[in-house]
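Q: quick one, structure for this:
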Amino acid sequence: MKRWRYLLGKIGWAFFTILFVLVLNFFLFRVLPGDPARAGVHDPRLKKEAVEAIRVRYGLDKPVINCFESLNPIKVGSCGVNPLETQFFIYIGNLLKGELGISYHSNRPVADVLLERLWNTVILIGAGQILAVIVGVIFGVFAAWKARTNVDYGALIISLIAWSLPTFWLGIILLFWGSNNGLPIGGMQTPGMSSQPFFVRFGDVLSHMLLPTLTYTIVYMGEYMLIMRSSLLDVLSEDYILTAKAKGLNTFQILKDHALKNAMLPLVTVIAINLGFTMAGAVQIESVFSWPGLGGAIYEAVNRRDFPVLQGAFLLIAVGVIVANLLADLTYSYLDPRVQTE
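A: Numbering: from 1, shown residues only. The predicted model follows:
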C-alpha cells in the first residue's frame, strides 16, 4: 500500500507540473516583443492587408485570454468575447487533440515537423548516452578501486577535462579530425543512399553517427565517471563492506553484490535528468554536424522566427524532462526502498 501511495504521489506531481508547463509555454511566446504575424515573413514591403490575413490564418486576431464574469466557460465574459474563442482555450483544445499549431515557415503541422526530427535525435542521444554510461561507470569503478593511486589521479584528470570541454568546440575539433580521416562530417545519410539495400543504408547512417555520438560520449562520460567514483568511495567506506571483506569475499563479489547497487543511486538520477535536458542540449551537436534532429529544428526555427515550432519544441522538451525525472524517482524507489517511507 505504501508503495502504491508513493507511486501515485509522484505521478500526480508530474501531472500538475505538466499542467503548469502548458500554461507557461503558452504565455512565454505571447510576451515576446514584436509582431508574430511579421516575424516569419522577412519582407518589409508586406502590406497591412497581407499582415491581417496572416493574423486571421493563424488565429492571432483573437484575444489572448478573456476576463470572466463567472466560472461558466460558456458564458460570454465582460470583455464581450466567448472565452472558448480566445487563443488560450484554442491552444488547450488543440493540445487535447494532439495538435501543436501550424509552422509559419513550412505551413505544415508542428507535430509532423517535430516528430519526423524527434526520432533522429532519440537515435543520436540514445547511442551517446549508452556509451557514456558504460565508459563512465567502468572508469569510475576502476578509479574508486584504485583510489589515491596514479591510476585514480589520471582518471580524474581525464574526466575533469572531458566534463569541462565546451560541446560545440569539441564538435568542431572532431569535425576537422574526421574530415582529414575520410569520415562523414555532416548530415545523417549520403545522398542517393535511399535506393540501396537496408544493410548498406544502415552502415551509412552508423558512419554519419560516429562523430556526433563520440562528441556526446566524451562530454558526458566525464560527469558520469566522477559521480560514480565519488559515490562508490562513500559506499566502500561503509561498515557492511568491511564485514564483507572480513567474510573473505573477493573484490569482484563485493563490488557486484554489495557496493554497485547502492553506488548507482546518485548516477541513476543524473542519467535520467540528462536524458531530458540533452534533448535541448543536442542543439549544439546537431548544428555542428548538420544532424537533422530536434536540435536542428530548434536552431532553424530561431533563425526563421517560427514561433509555433519553438513553442512545440519547448513543450516537448519540458515534458521530456518531467517524465525523465519521474522515471528517475521510480527507479530510485526500486533500487532503494527506503525512499518510500514517510
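Q: can you get me a residue count around the closest residue to Thr251 other than its chain neighbours?
A: Of all residues not flanking Thr251 in the chain, Trp145 sits nearest, at 6.8 Å (C-beta to C-beta, 6 or more residues apart in numbering). Bear in mind the C-beta positions are built from the backbone N, C-alpha and C, glycine included. Using other C-beta atoms under 10 Å, Trp145 has 18 neighbouring residues.
Q: retrieve the pLDDT associated with Trp145.
A: pLDDT recorded at Trp145 is 83.
Q: surely it meets Phe252?
A: No: in this structure, Trp145 is not within contact of Phe252 by C-beta atoms under 8 Å, at 10.0 Å.
Q: in the helix or strand hosting Met228, what counts as buried?
A: Here Met228, judged by DSSP states H and E, is contained in helix 198-236. Across helix 198-236, burial judged by 16 or more other C-beta atoms under 10 Å covers 204-205, 208-209, 211-229, 231-233, 235-236.
Q: also stretch 261-275?
A: Result for stretch 261-275 [16+ other C-beta under 10 Å]: buried residues 262-264, 267-272, 274-275.
Q: tell me how far the ends of stretch 285-304 are from each other?
A: From its first residue to its last, stretch 285-304 covers 20 Å (C-alpha to C-alpha, to the nearest Å).
Q: any chance you could map the helices in the protein?
A: Assigned helices in the chain, in chain order: 2-28, 36-39, 48-57, 87-96, 110-145, 150-164, 167-180, 198-236, 239-246, 251-254, 260-288, 294-304, 307-335 (criterion: DSSP state H).
Q: show me how far the fifth one is from its chain's centre.
A: Which is helix 110-145. Its chain's average C-alpha position is 10 Å from that of helix 110-145, according to C-alpha atoms, centre = their mean, to the nearest Å.
Q: and for stretch 174-185?
A: A distance of 27 Å separates the centroid of the chain from that of stretch 174-185, by C-alpha atoms, centre = their mean.
Q: extract the CA atoms of it and return them as CSV.
A: Provided in CSV are the C-alpha atoms of stretch 174-185 (Å, rounded to 0.1, in the frame of the first residue of the first chain):
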residue,chain,number,x,y,z
LEU,A,174,36.3,16.3,-34.1
LEU,A,175,34.8,17.7,-37.3
PHE,A,176,38.2,18.7,-38.6
TRP,A,177,39.7,15.4,-37.4
GLY,A,178,37.1,13.5,-39.2
SER,A,179,37.4,15.4,-42.5
ASN,A,180,41.1,14.6,-42.5
ASN,A,181,40.4,10.9,-42.0
GLY,A,182,37.7,10.4,-44.6
LEU,A,183,34.8,10.3,-42.1
PRO,A,184,31.3,11.8,-42.9
ILE,A,185,31.2,15.2,-41.3
